[in-house]
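Mind folding the following:
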Amino acid sequence: MPVFNQPPLPKHLTVVDPSEFIANNRSVPEYIDRSDDVAWMLACSLILFTMQTGIALMESGMCSLKNEVHLLMKNLAACCFGGLTFWAIGWSLAMGQGSYSSPFNGWGDWLYEPDWLDGKSSERALMFFYQESLNALSTSIVSGAMAERVNFRAFLVFSVLNTIVFSVPACWMWAPQGFLNQLGVIDNSGCGVVHLVGGFSSLVATLYLGPRTGLSFTKETVVMGNPTFCCAGLFITWWGYLAMNSASTLGVEGTRWLQSAKATVLTMLSSFGGGTTALILCYVYYGHTIPVGRMVNPTMGSLVSYTGITFLCTSVQSVMIGAVAGFLAFLSMEVLDKFDSIDDPCCTFIVHGLCGTWGMLAVGIFTQEDTISEGFTFSPYNGVLYGGFYLICVQALACLVLAVWASASTYIILRAIDYFIPLRGDLVSELLGGDLMEHNILHNGIGISETLETLREFHQELEKPVKMEPHWNYLRRAWKISGLDALVGNARVSPDTDEGREVTDEDLTTLAELLGVQNLSRSDLDEFRGRLVNLEPRQSEGFGFGKVADYLPSKLD
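Predicted structure coming up:
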């Protein structure tokens, strides 16, 4: 390895104590031992990446069981595609310092390749990893708003293009030349760049896609599929937020370890304020019943709202910020449930959009001028409570700019994708769920057999045009559905067993016609039957939507 071939250090070289140097000179030396900063940021970045696990579990748990695995896979694929895109172009747009960089965009460092033997370059590479995790989080936020009815392939394209939606405002806020940075806007951990932007992108996405088929909050047709996943995801995400806010100091040298410790403690206090507020409101609204979503989302919203200010306020103020976020999230969910036309399965606009906006404004209210930092400052301004009004004005301007950017850019991207690939999945895939249609995973006891029976009655009205997709796509869907029906109807998919009955040619033909496939040949039928043995049944209890027959006829009119 290259490190073992390096020449020995000169004897006259001494290691500078950064804290002592900064205290004596009131400036940061050009060459100092930054190993403590690098180790701290590396640890926080690794923990931050685990937020992907928490977000994916929360999304999967909040939706129906027929999409449980599909939503996890969607987040995994988006993380991979979005990560490669951020490496290729996103980092350049966010932090590139090339000749074409401007206050509105970065340039340079395409297909990012740092000089690993240079200390500054390696430290910059660590910041690349940190922001790549934030980029993945931004896409995961929007994923929750599109859950259970977006076309999987269209979403993969969106995960690539959404990198631009994140990277451009990241330049405005965090690049040295960014215009919001130059105005003095404060967003220490992504309250605006990640959460506000992701929240407003989610609102546009959910309005563009429309509600899930058969959705009715008033009739309680939507039931949380896996509350255990939802709660476990919150705890994992909670851990990630602690790392995110602790890393907002970008190191621990000098006095920054004091601010990092403060950010960690106050983040916990803020989340306690939001969770406690939600619990009190549950008792007020529901008596002795505590809905899981009404606790999880406000607690999450309090964490989101505190990513802007991190260590620039007092303990009491951190609790107030979290409590207001919890109150805002809880009441917004109550209002949203009255409108079936707005279907945000994971409440991403409320948790990230509204609470992110509150978090950005809270910076302008509670921030106190940073007089602790040595050689630099995290905030040269006071908030409203301390007699300063400039900061609240630029924070409000930033909220407006980020909301407009997120809404406009997301709408353009969705329209462009929808022009080439249908953004919304087909009706059959939506009703039967992504687990079966995309991953060949079968759940029993979640109402799919009833869906199949209803589809049999109305299959002629589905009008599936075979010419729009390759013939095999319909066969693939058909054998999955017929295999499911065989299992539900106590028919065995394997010819080697003597239990139940074997699926007949008539069964296969009927089910193939359900999806628009006509005149199956003998070889088609044999292929059809052969594919059935690969189905993987999975026993699971839970609910999807309400009675399919109640809403399907009107959907097909």
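
quick one: contacts for Ala77?
Ala77 is in contact with Phe152, Phe155, Leu156, Ser159, counting by C-beta atoms under 8 Å, 6 or more residues apart in numbering. To be clear about C-beta, it is placed using only N, CA and C from the backbone, and glycine gets the same treatment.

Relative to Ser60, how far out is the nearest residue to the first one once chain neighbours are set aside?
By the measure of C-beta to C-beta, 6 or more residues apart in numbering, the closest residue to Phe152 outside its immediate chain neighbours is Glu438, 5.5 Å from it. Distance, Glu438 to Ser60, using C-beta to C-beta, to the nearest Å: 14 Å.

okay, now the residue lying closest to Thr53 once chain neighbours are set aside: neighbour count?
The shortest distance from Thr53 to any non-neighbouring residue, by C-beta to C-beta, 6+ apart, is to Ile236 (5.3 Å). Number of residues near Ile236 (other C-beta atoms under 10 Å) recorded here: 18.

Surely Ile236 and Gln52 touch.
No: judged on C-beta atoms under 8 Å, Ile236 makes no contact with Gln52 at a distance of 9.2 Å.

who has more neighbours, Glu438 and Ser60?
Comparing Glu438 with Ser60 by neighbour count (other C-beta under 10 Å), the higher total belongs to Ser60, at 27 against 18.

average pLDDT across the host helix or strand of the more buried one?
With elements taken from DSSP states H and E, the one containing Ser60 is helix 51-62. Helix 51-62 comes out with an average pLDDT of 92.

again with stretch 309-318
For stretch 309-318, the mean pLDDT works out to 93.

In that stretch, which residues are buried?
By neighbour count, with 16 or more other C-beta atoms under 10 Å as the criterion, the buried positions of stretch 309-318 are Ile309, Thr310, Phe311, Leu312, Cys313, Gln317, Ser318.

Might one say that Ser189 is in contact with Leu312?
No: no contact is recorded between Ser189 and Leu312 when judged using C-beta under 8 Å, the distance being 11.4 Å.

check contacts around Phe330.
Thr277, Ala278, Leu281, Arg294, Asn297, Pro298.

Point out the least confident one among these.
Lowest pLDDT among the contacts of Phe330: Arg294, with 92.

picking up where we left off before, next structured bit after the helix holding Ser60?
In the C-terminal direction, the helix or strand that comes right after helix 51-62 (DSSP H and E) is helix 68-85.

any idea which helix or strand comes after that following helix?
Towards the C-terminus, the helix or strand next in line after helix 68-85, according to DSSP H and E, is helix 91-95.

the inter-axis angle of the next helix or strand after that following helix versus helix 51-62?
Scanning forward in sequence from helix 91-95 by DSSP H and E, the next helix or strand is helix 119-145. Angle of helix 119-145 versus helix 51-62, following axes from the mean of the first three to the mean of the last three C-alpha atoms, to 10 degrees, is 0 degrees.

residues of helix 119-145 that come out buried?
By neighbour count, and taking 16+ other C-beta under 10 Å as the criterion, the buried residues in helix 119-145 are 123-145.

Now for the closest residue to Cys44 other than its chain neighbours: which residues touch it?
What sits nearest to Cys44 in space, not counting adjacent residues and going by C-beta to C-beta, 6+ apart, is Ala247, at 3.6 Å. Counting by C-beta under 8 Å, 6+ apart, Ala247 touches Trp40, Met41, Cys44, Ser45, Leu48, Tyr130, Ser189, Ser260.

thought the fifth one was touching Asn135?
Read it as Leu48. No: counting by C-beta under 8 Å, no contact exists between Leu48 and Asn135, whose distance comes to 11.4 Å.

one step back: can you lay out the contacts of Ala77 as CSV showing secondary structure?
Putting these into CSV (DSSP: H, G, I helix; E, B strand; the rest coil) gives the following:
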residue, secondary structure
Phe152, helix
Phe155, helix
Leu156, helix
Ser159, helix
